[in-house]
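[1] Give the three-dimensional model of this entry:
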Amino acid sequence: MTSSRATQLRSRFRELHAGEILAMPNPWDIGSAKLLVEVGATALATTSAGHAGANGRLDQNVQRDELLAHVVEMTASVDVPFNVDSEDCFGIDVAGVAETAELIAATDAAGFSIEDFDPRAGSIRPIENAAQRVTAAKEAGADLVLTARTENHLYGVDDLDDTVRRLKAYRDAGADVLYAPGVAAPDDIERLVAIGPPVNVLALPGAPTVPELADLGVARVSVGSLFAWAAYGALVEAARELLGPGTSDYSARMLDGGLRNQAFG
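    Residues are numbered from 1 along each chain as shown. Modelled structure (predicted):
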């Protein structure tokens, strides 16, 4: 049975897709989630790569039960809607996809995603099969917002026509939001927006800014694992300074204590 809290968060998440562009950053642990809400985030999304990295692993090396435990932990930590990066929904077939969607729907998550990359085969799924999986996720996902992703541009398939065909198929299969991470050129983004449902864009260096994406008609922006890797990059730089010259200049970039106390207190 869906909790009243989950119902409220899901309703709020849908509302956030209907107004101004939604900047939805991706925390990787409770601390980062709390800080992002403290500085103004109104919705958050998990990151499969960031979650895996927090456990010392590469992406696509987290098991479904670990994801579900992470979702429960993250959604309980803050009072804003959470979208779940659920990779390919951990199903070798549509029945497995549906089972994962039902399990996510039993948490306080507000939305979830399904991507068309098959980590077992190491390739993008055929479009018909991928669309069937979108339908299975939608039908089993109760009132969650479903984001359908095509991974073409993350795996070297820079064929925008195929990306558009896929997203149209996923729209027709029931997806509420469409996402093609890696598409960054304004003209290409406009083609995706024209498909119909709200479009999520991955914020990348050199890509349009959030206000520029809003002007293009984009509904939602996320950062994937970029925040996590930026944080880990700062950690490595600080360690190299300490272990190299032995200085502590890195501390000048330390998190403000007042913000830390406000978020964590």
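
[2] For Met1, give me the pLDDT.
    Looking at Met1, its pLDDT stands at 61.

[3] Over to Val94: give its phi and psi.
    Per-residue torsions, Val94: phi -70, psi -30 (degrees, to the nearest 10).

[4] how about the nearest residue to it once chain neighbours are set aside, what does it touch?
    Ranked by CB to CB, 6 or more residues apart in numbering and with sequence neighbours excluded, the top spatial neighbour of Val94 is Ala136, at 4.0 Å. The way it works is simple: take the backbone N, C-alpha and C, and place the C-beta from them, glycine included. Contacts for Ala136 were tallied using CB atoms under 8 Å, 6 or more residues apart in numbering; they are 91, 94-95, 97-98, 101.

[5] Can you add distance to Ala142, pLDDT and neighbour count and give those back as JSON lines?
    Shown next, in JSON lines, are those (distance: CB to CB, whole Å; pLDDT from 0 to 100; neighbours: other CB atoms under 10 Å):
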{"residue": "Gly91", "distance to Ala142": "17", "pLDDT": "96", "neighbour count": "20"}
{"residue": "Val94", "distance to Ala142": "17", "pLDDT": "98", "neighbour count": "18"}
{"residue": "Ala95", "distance to Ala142": "17", "pLDDT": "98", "neighbour count": "11"}
{"residue": "Val97", "distance to Ala142": "14", "pLDDT": "98", "neighbour count": "26"}
{"residue": "Ala98", "distance to Ala142": "11", "pLDDT": "98", "neighbour count": "20"}
{"residue": "Ala101", "distance to Ala142": "8", "pLDDT": "98", "neighbour count": "25"}
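
[6] and of these, the nearest to Ser32?
    Ala101 (25.8 Å; CB to CB).

[7] was I right about that closest one contacting Gly111?
    No. With contact defined as CB atoms under 8 Å, Ala101 does not reach Gly111; the gap is 11.2 Å.

[8] which residues do these two both contact?
    Leu144.

[9] any idea how far whichever strand or helix holds Glu190 is from the chain center?
    Element membership of Glu190 [criterion: DSSP states H and E] is helix 186-193. When C-alpha coordinates are averaged (CA atoms, centre = their mean, to the nearest Å), helix 186-193 and its chain have centres 20 Å apart.

[10] Quick check, pLDDT for the nearest residue to Leu67 once chain neighbours are set aside.
    Leaving out its chain neighbours, the residue that sits closest to Leu67 by CB to CB, 6+ apart is Ser86, at 6.6 Å. Note for Ser86: predicted pLDDT of 98.

[11] which residues touch Asp176?
    17, 111, 138, 145-147, 197-198.

[12] how near is it to His17?
    Using CB to CB, to the nearest Å, we find Asp176 at a distance of 8 Å from His17.
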